[in-house]
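Colleague: Just to be clear, the model below is a prediction. Sequence and coordinates:
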Amino acid sequence: MKKTAIILGATGLTGGVLLKKLLKDTAYESIKLFSRSSVNNPDPKIEEHLIDMFELEKEHENFKADEVYVCIGTTKGKTPDKETYKKIDKGIPVAAAKLSKQNNINTYLVISALGANANSGVFYNKVKGEMQNEVLAQKIQNTYIFQPSLISGDRDESRFWENVAKKAMSVLNVVMIGGLKKYRSIHPEQIASAMKWVANNGYQQQILESDEIIEINKKVS
């Protein structure tokens with residue numbers, strides 16, 4: 001039986017790559033997108049729901065699929081208000097997890113960040129950690145949390161300091177070996193490929209750090 005997938009964040013860097021991969025895969029007959037803006041792709045597999053993402057819980061009847069991929073997120077620079085930041089990076093993924101549980105969707109995958117920790121003194125890491133805990137509390141059968149390091153690749157919007165960091169990491173990657181490998185920058189192609197592979201093959205643990213995401217790519221045919 002062919003599958004239906006839901007993507008949150010398909011207009012973003014990693015979500016956009018993931019969307020292209022799922023559209024090419026004949027195992028998927030329908031890709032539901034929940035977003036505030038359109039991806040402007042006429043592919044007949046796509047079913048778009050343009051909504052207020054802060055009211056995702058209202059989409060109970062439409063939020064039905066075999067797999068849910070949550071690739072949504074923001075940055076401090078783009079969203080300086082901390083409460084709004086929390087509503088995006090924590091509120092939306094948690095709402096999606098609750099809907100998945102309610103609708104008996106057994107596979108839920110979400111992008112978090114390396115260093116996520118609910119007890120962290122760093123706001124960004126704390127929010128991501130709290131999100132992870134609340135997602136795991138839903139006890140969805142196949143829950144996978146991806147913790148990438150700095151994501152490389154070109155975004156539509158300009159992020160000056162992020163671009164500086166990416167250039168620095170491209171140099172540092174070659175000297176990050178052993179226990180430091182997980183801090184190497186990672187490409188969205190690698191994250192999307194790993195998410196799709198794990199959704200279809202499973203994995204021995206729920207939380208996957210950046211170096212593990214890269215290793216999974218070696219299994220992707």
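Modeller: That came through, no problem.
Colleague: wait, is Ile7 part of a strand?
Modeller: Yes - secondary structure assignment (DSSP: H, G, I helix; E, B strand; the rest coil) places Ile7 inside a strand.
Colleague: Could you check what's spatially nearest to it, not counting adjacent residues?
Modeller: Spatial nearest neighbour of Ile7, chain neighbours left out: Tyr69 (4.8 Å); criterion: Cβ to Cβ, 6 or more residues apart in numbering. Where C-beta positions appear, they are placed from N, C-alpha and C, glycine not excepted.
Colleague: Neighbours of that neighbour, how many?
Modeller: Per other Cβ atoms under 10 Å, the neighbour tally for Tyr69 reads 30.
Colleague: swap in Gly77?
Modeller: Counted with other Cβ under 10 Å, the neighbours of Gly77 add up to 12.
Colleague: what kind of secondary structure is it in?
Modeller: In three-state terms, and counting by three-state DSSP, Gly77 is coil.
Colleague: now it: how far from Lys98?
Modeller: In this view, Gly77 and Lys98 are 29 Å apart by Cβ to Cβ, to the nearest Å.
Colleague: Report how many residues lie close to Asp66.
Modeller: With neighbours defined by other Cβ under 10 Å, the count for Asp66 comes to 17.
Colleague: Check the one 4 residues further on too.
Modeller: Val70 has 28 neighbours, counted by other Cβ under 10 Å.
Colleague: which residues touch it?
Modeller: When contacts are counted by Cβ atoms under 8 Å, 6 or more residues apart in numbering, Val70 touches Leu8, Gly9, Ile92, Pro93, Ala96, Ala97, Tyr108, Leu109, Val110, Ile111.
Colleague: Mind checking which of these are in strands?
Modeller: By the criterion of DSSP state E, membership of these in strands covers Leu8, Tyr108, Leu109, Val110, Ile111.
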